[in-house]
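Novice: Compute the structure for the input listed below.
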Amino acid sequence: MAERKQKTVLVAIDESQHGKHALQWALDNLFTGLDQNQCDKVILLHSKLSPMKIIGPEQITPDMIIMMERTQERQIASLMNEGKQMCEGKNVTVETLVVHGDAREVICATVEKLKVDLLVIGSHGYGTIKRLLLGSVSDYCIHHAHCPVVVVKKPHQT
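Specialist: So this is what the prediction gives:
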């Protein structure tokens, strides 16, 4: 029997419930039925924007930058810890990665650099106008990532 190649799955996560739902979907659907000798890798990726990109350079002071960066670091650490906890009990190794830049470009560049087998990303479910104005990270990744992409939509709450 041929040995199974380790699968590397990149899951793009952010502070929204959509990113967490995408990770949970990946864990529930991609890593079932593995025996103890088969251990796949999950890479949790978060893209971090500079405070100056969020507010704008003309409106920000050095003290504000420091405060915002510290807040971001705490939020990102919490997000990554939550992601790692979600992976506990699954037969996967977990790596976390935080990269500075626009989410679209960061995700696609990381897919290329790490040669991942699959990208899993949540959909925020923006309407046509909002998607046109803000851009869709998942749509961009579908067209530019050099691997298969699964876009996970969070079910509507009834």
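Novice: Only C-alpha atoms from now on, for both contacts and neighbour counts.
Specialist: Fine.
Novice: Tell me the helices and strands packed up against the helix ranked longest in the chain.
Specialist: The residue-count maximum for a helix in the chain (DSSP state H) belongs to helix 62-87. On a contact count with 3 or more C-alpha pairs under 8 Å, 6 or more residues apart in numbering; DSSP states H and E, helix 62-87 meets helix 17-30, strand 40-48, helix 51-55, strand 92-100.
Novice: and with 7 Å instead?
Specialist: If you count contacts as 3 or more C-alpha pairs under 7 Å, 6 or more residues apart in numbering; DSSP states H and E, helix 62-87 packs onto helix 51-55.
Novice: Just checking, which helix or strand of this structure averages the lowest pLDDT?
Specialist: When each helix and strand of the chain is scored by mean pLDDT, DSSP states H and E, helix 128-134 comes last, with a mean of 50.
Novice: Next, count neighbours for residue 23.
Specialist: For residue 23, the neighbour count with other C-alpha atoms under 10 Å is 25.
Novice: From the centroid of this protein, which residue is nearest?
Specialist: residue 12 (1.1 Å; C-alpha atoms, centre = their mean).
Novice: Contact partners for it?
Specialist: 19, 44-46, 120-121 (C-alpha atoms under 7 Å, 6 or more residues apart in numbering).
Novice: and the gap between it and residue 61?
Specialist: As for residue 12, its distance to residue 61 is 30 Å (criterion: C-alpha to C-alpha, to the nearest Å).
Novice: so where's the protein shaky on pLDDT?
Specialist: 1-4, 33-38, 51-58, 124-135, 156-158 (pLDDT under 70).
Novice: and with 90 instead?
Specialist: Scanning the chain for pLDDT under 90 picks out the ranges 1-7, 14-19, 30-40, 48-69, 72, 89-91, 123-139, 153-158.
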